[in-house]
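Undergrad: would you be able to build a 3D model of this:
(one chain, ligands or ions: 1)
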Amino acid sequence: MHLEINNLSKQFDTRQGPVLALDDINMHVETGEFVCVVGASGSGKSTLLRLVAGLDMPTAGEMTVDGQVVTGPGSDRGMIFQSYTLYPWMSVQKNVEFGLKLQGVGPRERREMASYYLDVVGLTKFARSLPKQLSGGMKQRVAIARTLASRPKIMLMDEPFGALDVQTKETMQQFMLDLWNRTGVSILMITHDVDEAVFLSQRIYVLTAHPGTIQREVFVDLPSDRTYTIRRDRAFQDYREGIMDLLRGKTTPALVS
Ligand SMILES: Nc1ncnc2c1ncn2[C@@H]1O[C@H](COP(=O)(O)OP(=O)(O)OP(=O)(O)O)[C@@H](O)[C@H]1O
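TA: Just a heads-up that it's a prediction; the model follows:
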């Protein structure tokens, strides 16, 4: 998998005049990478992910997945949103099966694949439950199982843990990192939470505020099997403070760029 974003710009035409949300974005994600994009509110993070998902079209530039130009949504890119997008009337199992059904996968294979991915996210026991019977973190795990079951080339995550309380968020971050280590899935995630980005990623793109441009690419040289205690390490704190300084508009010679 090779996702490439070349000279991407997005301008919205509003009643108040044009709004340049993203300006000349260049970035890439390779097979098995966990890449985060961080930026302040309004820096164009959601716009960027919507463009990559094919939910909106750029004003200039292009994106390719394995050389194929993105012209709309596709099953090669699986999207996870902050709000839970489960169908409330369907069981957990049926929710996970749903995308496969749309792809034309037969009933038996659908059941087997959904069961497999529910096991991957640790929710086998809840297969027959309805979404309303689950906690926020569990719902998000179902959404992740559903996306994984469709076998996308890359998972696109839009602030997936933004709606969760602090403890659940930490549990989900650890879960996500373990899942990534186990499955080797490629992930592009946007977040305004610098701590989360450093904890999860191998590389971070830091955006400037309004219009969003790539301010810095940071390589996070920390072990891939991180646990929450790494947050106490000096190296972790250096990355976090360095990126916070970038977002504050200060220079950070300490960061590798
Ligand atoms: N559909 C739209 N029409 C007009 N302007 C838009 C539209 N979507 C986004 N914008 C503008 O583009 C800019 C970037 O918005 P975007 O939501 O992508 O930022 P963000 O970094 O995701 O912010 P947040 O972290 O607050 O969600 C903002 O100025 C926003 O007002």
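Undergrad: from here on, contacts and neighbour counts on C-alpha atoms
TA: Noted.
Undergrad: tell me the pLDDT at whichever residue of the stretch 101-250 of the chain sits closest to the ligand?
TA: The minimum distance from the stretch 101-250 of the chain to the ligand, using C-alpha to the nearest ligand atom, falls at His192 (6.0 Å). Looking at His192, its pLDDT reads 94.
Undergrad: list the buried residues in the helix or strand where Leu118 lies.
TA: For Leu118, the enclosing helix or strand under DSSP states H and E is helix 107-120. Under the neighbour-count criterion of 16 or more other C-alpha atoms under 10 Å, helix 107-120 has Arg110, Arg111, Met113, Ala114, Ser115, Tyr117, Leu118, Val120 buried.
Undergrad: mean confidence score for it?
TA: Per-residue scores along helix 107-120 average to 95.
Undergrad: show me what the next helix or strand after it is in contact with.
TA: Of the helices and strands lying after helix 107-120 in sequence (DSSP H and E), the nearest is helix 136-149. Residues from elsewhere that reach helix 136-149, judged by C-alpha atoms under 8 Å, 6 or more residues apart in numbering: 78-80, 84-86, 92, 95-100, 113-114, 117-118, 120-121, 123, 131, 155, 160, 164, 168-169, 172.
Undergrad: and helix 136-149, which residues are buried?
TA: Quick answer for helix 136-149 (16+ other C-alpha under 10 Å): 136-149.
Undergrad: please apply the same query to stretch 122-138.
TA: Leu123, Thr124, Phe126, Ala127, Leu130, Pro131, Gly136, Gly137, Met138.
Undergrad: endpoint to endpoint, that stretch covers what distance?
TA: 9 Å (C-alpha to C-alpha, to the nearest Å).
Undergrad: any chance of the buried residues of stretch 122-138 in JSON lines, plus distance to the ligand and pLDDT?
TA: Shown next, in JSON lines, are these (distance: C-alpha to the nearest ligand atom, whole Å; pLDDT from 0 to 100):
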{"residue": "Leu123", "distance to the ligand": "29", "pLDDT": "95"}
{"residue": "Thr124", "distance to the ligand": "33", "pLDDT": "96"}
{"residue": "Phe126", "distance to the ligand": "31", "pLDDT": "97"}
{"residue": "Ala127", "distance to the ligand": "32", "pLDDT": "97"}
{"residue": "Leu130", "distance to the ligand": "29", "pLDDT": "97"}
{"residue": "Pro131", "distance to the ligand": "25", "pLDDT": "96"}
{"residue": "Gly136", "distance to the ligand": "20", "pLDDT": "90"}
{"residue": "Gly137", "distance to the ligand": "20", "pLDDT": "91"}
{"residue": "Met138", "distance to the ligand": "23", "pLDDT": "94"}
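Undergrad: Ile5: which of those residues is nearest?
TA: If you rank the buried residues of stretch 122-138 by distance to Ile5 using C-alpha to C-alpha, Gly137 comes first, at 31.0 Å.
Undergrad: so, low pLDDT: which residues of the stretch 151-257 of the chain?
TA: Low-confidence segments of the stretch 151-257 of the chain, defined by pLDDT under 70: 251-257.
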